[in-house]
Structure formats: C-alpha cells, structure tokens
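Enquirer: Need a 3D model of the following:
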Amino acid sequence: MRKIIIISLFSVCLHAQVGINTTSPSRTIDVNGTLRVRTQTDQSSNVSYDNVLISDANGNVDYVKKNHLNQQMVQLFNLTTLPSVNAGGTGTPTPVSISNQSITLTKPAFVVINFSVPVTLASAPSDGRLKILRTHLNVDGTNVVRSTNTYTNNTASGTNITGIFYNTGSYITLLGAGTHSIELLGTCFDFATASSCVQGGAFAGSSFQAYAFYNDY
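Expert: Numbering: from 1, shown residues only. Here you go, the predicted model:
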C-alpha cells in the first residue's frame, strides 16, 4: 500500500502547476513576484541561441524567433518640389530657409535624411571672385550638414560658369519621441544681388526626404 501511495503522489506532482506567492497558479510555474537570475552568459555570437523571451501584459512568458525582431521603416516626408528662394548676396549673407519640415516620432528612432537641392545662377559672374554655393541641413536648430559647390570665374578669358548645380547630402541621427524640425537653408556668396543665385525649385533632381527606423518589437 505504501508503494502505491508514493507512486500516486509522485504522479500528481509530476503534472501539477506550481505557484510561488500564489495559491492559484495558471501555468506549470506561476511566479507572483519578480525574477532574478544571478549568472548569465553572453550568447550573441552563438547561432544556436535564436529565441528571444517575451511576455504579455499578464506576465505570461514565451518566445519569438530572433529574426522576427526587425526594423520598421516609416517615411516622414518626401518632397520632389522645393520652394525657390533668392540666396545670393555680398560678403557672408544670412542663410535663407528653403523648406522646414516638422516631424513627430511616436518613440525613439534612427532618422535618415537625404536632400538634393538645385542651385541656379541667373547670369555668368565676371568679377574673378570665388563663388560659394552652400546648402545647410539643420536639425532641431543645429546645422549638421553643409553641402558646398565652389568655383572661380575668370575675367581674363571671359569663360564663366552658369547653369544648375546640385548640393546633395545625407545624415542619420537618433532622435527621441516627440516633435522635431528638419530644415534646409541656402546661401550663396559672393554675388551682387540675392536673385543672382536661386536655391530650390521644381527640377528633376530636386528632393528632400526623411525616414524613421523603429525597433519593431
């Protein structure tokens, strides 16, 4: 009889649900409290470790495959036409805003920004001075990229440059949740008048775009 009782008790324990700090466990092991593991090892280079533990709002712990944790890409804006602004001036003119975009991130994200801004010269300068055609990328009030074309016109030969230049650039940054400003500004010097150098416009190569990359957990 004693053997039968022991076997029966063992069979019950084998299939029972165990509760810690709870009298009504709902899983094989149900912990009503926090969990601490004192010793852990780094298995980031071990390809056989391909499961990541996750839990729901009720604390039920399961796993997902590591390759299911990917990046979610969200397009924030994509402009192919930019306002035309007069950006020329003598000396060092103040940069003029071309386009200022406000973005809102739902959570921290890596933001990738690309731009291609056309710069048009109305007429060929012939003063022999260095000309600088510059486009600034400004994020939250800080200049982060300065894309520049330069050339020197020659008064002796009369060969001077006109036409369309393109200032291009890209930038990636980690931004927190909330609202941010992403702005393009243009400046051209040394030009006699502001209208001598125009930045922006509806040309085939015009673009200003930004994407957010979220961890899609």
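Enquirer: so who does Arg27 touch?
Expert: Counting by Cβ atoms under 8 Å, 6 or more residues apart in numbering, Arg27 touches Gln17, Asn60. Using the backbone N, CA and C atoms, a C-beta is placed for each residue, glycine as well.
Enquirer: Please report how far it lies from Val61.
Expert: Distance, Arg27 to Val61, using Cβ to Cβ, to the nearest Å: 9 Å.
Enquirer: repeat for Val139
Expert: For Val139, the distance to Val61 (Cβ to Cβ) stands at 40 Å.
Enquirer: what's the answer for Val74, then?
Expert: 30 Å.
Enquirer: what pLDDT does Asn160 get?
Expert: Looking at Asn160, its pLDDT is 62.
Enquirer: now swap in the one 4 residues further on and tell me
Expert: Each residue has a pLDDT score; the one for Ile164 is 87.
Enquirer: ok, it touching Thr120?
Expert: Yes. Between Ile164 and Thr120 there is a contact under Cβ atoms under 8 Å: 5.3 Å.
Enquirer: which of those two has more neighbours?
Expert: Using other Cβ atoms under 10 Å as the criterion, Ile164 and Thr120 rank with Thr120 on top: 19 against 12.
Enquirer: Just give the nearest non-adjacent residue to that one, would you?
Expert: Using Cβ to Cβ, 6 or more residues apart in numbering and skipping residues adjacent in sequence, the residue nearest Thr120 is Val198, 4.6 Å away.
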